[in-house]
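1. sequence first, predicted coordinates after that:
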Amino acid sequence: MNYKICYEEIPLKIYTKENKIYKIEFLKKCEENNSKFLNEFIRLLKEGKGLLSIDFESINPSIRPVLEEVYKIPYGAVATYGYISKKVFNTNNYARFVGSALSKNPIPVLIPCHRVVDRNLRLHGFSGGLTLKEKLLKIEGIEIKNGRVDKRFLVNL
């Protein structure tokens, strides 16, 4: 089953099977809104729980550990590519691999690749574009000046 929702004026198409989300696509415009589904989507985004869940088993095993780690970044915080690399591989030498894995994220927004920044806290690549990445971060209350996130939003998991 799939749903079209408009989250903070961001149009999304969400694919589910048995209340597990396995894919999210960005749409060009908001068409409809299922308010009950939208509320559950927001609950999962902010609290990591609810009637919906993420189908991690449907994700390619080669990138799954990276996406599982990124999923742990709390709402309203950011982490660096190097930090995620260190958590997954015990070294920050795989920061580029982390970026590559995030570019293949089938569930953007909920697996919050928009919360990952470079070591200088600058915004880099996002499947929905940098403007959307910045918008998502600002929705979460993260302050950005000149393309950089304020360091007080950096996570320590």
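-> Yep, it's here. On a predicted model such as this, the values are computed, not experimentally measured, just so you know.

2. what kind of secondary structure is residue 16 in?
-> With DSSP: H, G, I helix; E, B strand; the rest coil as the basis, residue 16 sits in strand.

3. identify the residue spatially nearest to it, adjacent ones excluded.
-> residue 1 (5.4 Å; CB to CB, 6 or more residues apart in numbering). Every residue, glycine included, has its C-beta placed from N, CA and C.

4. pLDDT at that neighbour, what is it?
-> Looking at residue 1, its pLDDT is 87.

5. for stretch 46-59, buried residues please.
-> For stretch 46-59, burial by neighbour count (16 or more other CB atoms under 10 Å) applies to 52, 54, 55, 56, 59.

6. who are the contact partners of the second one?
-> Okay, so that is residue 54. 20, 21, 44, 71, 107, 110, 111 (CB atoms under 8 Å, 6 or more residues apart in numbering).

7. check the last one too.
-> Residue 59 makes contact with 67, 106, 107, according to CB under 8 Å, 6+ apart.

8. hang on, isn't the last one packed against residue 26?
-> Think residue 107. No - here residue 107 does not reach residue 26: they are 11.9 Å apart, not a contact under CB atoms under 8 Å.

9. quick check, central residue of the chain?
-> residue 112 (1.5 Å; CA atoms, centre = their mean).

10. hang on, residue 19 packs against residue 50?
-> No - Residue 19 lies out of contact with residue 50 (CB under 8 Å); the separation is 9.3 Å.

11. what about residue 107 and residue 26, which has more around it?
-> Of the pair residue 107 and residue 26, residue 107 is the one with more neighbours under other CB atoms under 10 Å, namely 21 against 15.

12. now the more buried one. Nearest residue, chain neighbours left out?
-> Residue 107's closest residue in space is residue 24 (CB to CB, 6+ apart), at 5.2 Å.

13. any figure for the gap between the residue nearest to residue 48 when sequence neighbours are not counted and residue 44?
-> Take residue 48 and drop its neighbours on the chain: the residue closest to it by CB to CB, 6+ apart is residue 71, 7.8 Å away. Residue 71 is 11 Å from residue 44, where distance means CB to CB, to the nearest Å.
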